[in-house]
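Enquirer: sequence and predicted structure, then a few things I'm wondering about:
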Amino acid sequence: MTGVRIAAAAAPFGRDLDEDFARIAALIDRARADEVRLLALPEACLGGYLANLDGGADGPPALDADGPEIRRLAELAGELVVTAGYCESDGGALYNSAVCVSDGVVLGSHRKVHQPLSEDATYQAGNGFTAFDTPVGRLGMMICYDKAFPESARALALDGAEIGVCLSAWPGSRTHAAADLARDRWKRRFDLFDRARALENQMVWVSANQSGTFGDLRFVASAKIVDPGGEVVADTGVGDGLAVADVDVVEALATARRSMAHLRDRRPEAYAPAGAPAG
């Protein structure tokens, strides 16, 4: 579908679910007033992220994928397509998960596959990347560190994703932290990954992130929208806010892929390591 107004949020979230829902409702109201159709909220916006990445942090409240909190989020979304992150409980296991909702229903979900530092002390890992259809186009989700691995976004692109949404709780550097967050080296990596994933897959890229501080972590915010040529078309910088842009998704992808189409020109047979078994 063409002519989509997209917003990516940079906002703080914590353990109090009522406060989180109040902030989510305010962001949805703001997006609706601006005629946004796709709103990306950050990783762990229902219940907050881990207080540290050392393996001993208390985690966020565990929620069921079909529980009242996800139903509440889906109702709040109304006609918007909204992506949001939460701690999912399933059979005693916990997952760092994302959900996409609209008009009271769940359209798609994702469990974070790649786990940085000691995140695996709290969460089990997901096992794949799958795109799904939405009213704003075919969409694929990933969470934070997932985007550091090019295979993640490539798997979504090969599954037909036109829009990639990455929900993050990406902090600034843990060592040699910059006094000016805008100059932080982990922020620079965050931005580079966003642009590279969009460009190499020639897809629309939507990046939401936590802002402010939580526990030992200081988040880089920097929510943004990147076009299929790798150009940032909207960005919040290191503060709270919504990055908003109008994107003709179909035309943007067609233009980017007209001459040098990265997916079409792949040579998978050339990528296997030397000596690896065929197939």
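Expert: Thanks, I have it.
Enquirer: residues near the closest residue to residue 224 other than its chain neighbours, how many?
Expert: Nearest non-adjacent residue to residue 224, counting by C-beta to C-beta, 6 or more residues apart in numbering: residue 235, 4.3 Å away. (Each C-beta comes from the backbone N, C-alpha and C, glycine too.) Here the count is done by other C-beta atoms under 10 Å, and residue 235 has 20 residues near it.
Enquirer: and the gap between residue 235 and residue 13?
Expert: Going from residue 235 to residue 13 by C-beta to C-beta, to the nearest Å gives 20 Å.
Enquirer: kindly report the same for residue 183.
Expert: Distance, residue 183 to residue 13, using C-beta to C-beta: 25 Å.
Enquirer: ok, now residue 123?
Expert: Noted for residue 123: a distance of 17 Å to residue 13, by C-beta to C-beta.
Enquirer: tell me which of those two has more neighbours.
Expert: residue 13 (30 against 19).
Enquirer: mind listing what the more buried one touches?
Expert: Going by C-beta atoms under 8 Å, 6 or more residues apart in numbering, residue 13 touches 20, 23, 42, 44, 45, 46, 47, 48, 49, 210, 214.
Enquirer: next one: residue 30
Expert: Here residue 30 is in contact with residue 242 (C-beta under 8 Å, 6+ apart).
Enquirer: now name the helix or strand holding it.
Expert: Counting by DSSP states H and E, the element that carries residue 30 is helix 17-33.
Enquirer: low-confidence ranges, the chain, go.
Expert: Along the chain, segments meeting pLDDT under 70 span 1-2, 276-279.
Enquirer: the residue lying farthest from the centre of it sits in which helix or strand?
Expert: Distance from the C-alpha centroid of the chain, by C-alpha atoms, centre = their mean, peaks at residue 275 (35.9 Å). Using DSSP H and E, residue 275 maps to neither a helix nor a strand.
Enquirer: any idea how far residue 266 is from it?
Expert: Distance from residue 275 to residue 266, counting by C-beta to C-beta: 22 Å.
Enquirer: so where do the strands sit in the stretch 1-150 of the chain?
Expert: 4-11, 38-40, 62-63, 81-90, 93-102, 105-111, 132-134, 137-143 (DSSP state E, counting those that start in this stretch).
Enquirer: quick one, which of those strands is packed in tightest?
Expert: Ranked by mean neighbour count under mean count of other C-beta atoms under 10 Å, the strands of the stretch 1-150 of the chain are led by strand 38-40, which reaches a mean of 29.
Enquirer: brilliant, that's me finished.
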